[in-house]
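Asker: sequence first, then the predicted structure:
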Amino acid sequence: MIPNEDRPPLSIEFRDVGIDFDGQAALDSITFQLAPGEMLCITGSSQSGKSVLLRLAIGFLQPDRGWFDPPAERKAAEALIADGADVLGQKGIDSPSTGDAAKAAGIPWAGYNRDQSAGYEDVWLTATTYHWDVYESARIQQVLDGTWVAGNYYGNLADGFLKLATYGKSVSDETRAAIDAKAAELTAKPGSEFTGPINDNKGKEQLAAGKTHTYEELMGMAYLVEGINGEIPAS
């Protein structure tokens, strides 16, 4: 057992999680985030799935669908390490599993969606963090004022939706300066990271030199960039 004071803070995220028993959905489309230190009160009638949810959260049960499977995430990270990976990153999840594997192997890792540096100080790099209040607060006020209209939104560094988490102590001053300089450049011109020329992994030009992808093009992007091995499934 790991003493409580040595355990990293736990964060939990469920995204569209579901689990079935005897062909019937016990829980479906469960989505929530619980940051370290936060408390969540679960209420419901008998047989509504409260105990099932708790068992999923602590790993006693595994979901049939959804983005939450810490044991599988840990195994995937360990497989990459065994294959020679010397740095780990994660995308689409923010459980501590990748960090636990990185810490055990003594290699650096970059997180996703939240600052998970606490407890991983020796191996933490940084993470992208997303701040939905930047979008939601303004839209909720528009609803209250009766002025809201439907539209597309793509958050960025300029409006504060996207930020970088704390840098780990292994990130050098030189690297921090380079990252900060690039962040300032992207803040001044959102979307400029998608400026051509960009070829797909089959050598076909997808974006001409000097051109920048529009929002609609990004949302419909259906190619892998040059240097990426693989194919996008036809269906």
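Answerer: Alright, I've got the coordinates.
Asker: how close does Gly191 get to Tyr153?
Answerer: 13 Å (C-beta to C-beta, to the nearest Å). No exception for glycine: its C-beta is placed from N, CA and C like everyone else's.
Asker: and Phe161, by the same measure?
Answerer: Remark: distance between Phe161 and Tyr153 (C-beta to C-beta) = 9 Å.
Asker: mutual contacts of these two, please.
Answerer: Common contact partners of Phe161 and Tyr153 (C-beta atoms under 8 Å, 6 or more residues apart in numbering): Tyr135.
Asker: which of those two has more residues huddled nearby?
Answerer: The neighbour count for Phe161 versus Tyr153, taken as other C-beta atoms under 10 Å, is higher for Phe161 (17 against 11).
Asker: my guess is Pro190 contacts Gly160. True?
Answerer: No: Pro190 lies out of contact with Gly160 (C-beta atoms under 8 Å); the separation is 11.6 Å.
Asker: so for those two, which sits in the more crowded spot?
Answerer: Pro190 (16 against 13).
Asker: Leu40 versus the more buried one, what's the distance?
Answerer: Separation of Pro190 from Leu40 (C-beta to C-beta): 34 Å.
Asker: repeat for Ser46
Answerer: Using C-beta to C-beta, one gets 19 Å for the distance from Ser46 to Leu40.
Asker: neighbour count winner among those two?
Answerer: Legend: neighbour count by other C-beta under 10 Å for Ser46 and Leu40, higher for Leu40 (10 against 6).
Asker: now the residue sitting furthest away from the middle of the chain. Its backbone dihedrals?
Answerer: Here the centre of the chain is the reference, and by C-alpha atoms, centre = their mean the most remote residue is Ser46, at 33.7 Å. Main-chain dihedrals, Ser46, degrees, to the nearest 10: phi -60, psi 140.
Asker: so what pLDDT did it get?
Answerer: Per-residue confidence at Ser46 stands at 81 (pLDDT).
Asker: element containing the residue nearest to Trp148 when sequence neighbours are not counted?
Answerer: In space, and not counting its chain neighbours, Trp148 is closest to Gln142: 3.7 Å by C-beta to C-beta, 6 or more residues apart in numbering. Assigned by DSSP states H and E, Gln142 falls within helix 133-145.
Asker: other SSEs contacting that helix?
Answerer: The contact analysis (3 or more C-beta pairs under 8 Å, 6 or more residues apart in numbering; DSSP states H and E) places helix 133-145 against no helix or strand.
Asker: can you point out the buried residues in stretch 17-35?
Answerer: 17-19, 26-27, 30 (16 or more other C-beta atoms under 10 Å).
Asker: return the member of those residues nearest to Ile81.
Answerer: Val17 (26.6 Å; C-beta to C-beta).
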